[in-house]
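Trainee: Turn this into a structure:
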Amino acid sequence: MSAKPEHYDVIRKPVITEKATMASEHGAVVFEVAIGSTKPQIKEAVEALFNVKVKAVNTAITKGKTKRFRGRPGTRKDVKKAYVTLVEGNMIDVSTGL
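Mentor: Have a look, this model is predicted:
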């Protein structure tokens with residue numbers, strides 16, 4: 001399975017936070033993904049781009065906060081995160097870069 005250009009549209013960037021690091025200790029990797037992407041699309045994209053086997057995909061949508069921009073109220077964009085659990089023996093090292 002080769003990487004198609006649309007796979008790069010599905011997966012935006014890895015999420016590197018304290019919670020994501022704790023998830024990586026249990027074989028999961030966290031990515032920021034396109035808001036309209038589905039779990040099968042995310043699974044296919046991760047398997048194609050990183051040459052690993054995906055066990056499960058869990059997603060969460062974080063609603064954008066209301067903030068003030070130049071004195072006027074505005075809203076940050078909504079962000080979708082995918083917690084990708086890998087099959088035993090597979091690994092993705094996001095800390096070193098791609």
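
Trainee: After the lengthiest helix in the chain, which helix or strand is next?
Mentor: Counting by DSSP state H, the longest helix found in the chain is helix 39-50. Using DSSP states H and E, the helix or strand that follows helix 39-50 in sequence is strand 54-62.

Trainee: Now do that following strand against helix 39-50, angle only.
Mentor: Using axes from the mean of the first three to the mean of the last three CA atoms, to 10 degrees, the inter-axis angle of strand 54-62 relative to helix 39-50 is 120 degrees.

Trainee: Give the pairing partners of the helix or strand following strand 54-62; include direction for each.
Mentor: Sequence order places strand 66-69 as the next helix or strand after strand 54-62, per DSSP H and E. Applying DSSP bridges, strand 66-69 is found paired with strand 72-75 (antiparallel).

Trainee: Going by neighbour count, list what's buried in the partner strand.
Mentor: Buried residues in strand 72-75, counting neighbours by 16 or more other CB atoms under 10 Å, are absent. C-betas here are computed from N, CA, C, even on glycine.

Trainee: Look up which helix or strand the residue nearest to Asn58 when sequence neighbours are not counted falls in, please.
Mentor: Nearest residue to Asn58, sequence neighbours excluded (CB to CB, 6 or more residues apart in numbering): Tyr83, at 4.4 Å. If you go by DSSP H and E, Tyr83 is part of strand 79-86.
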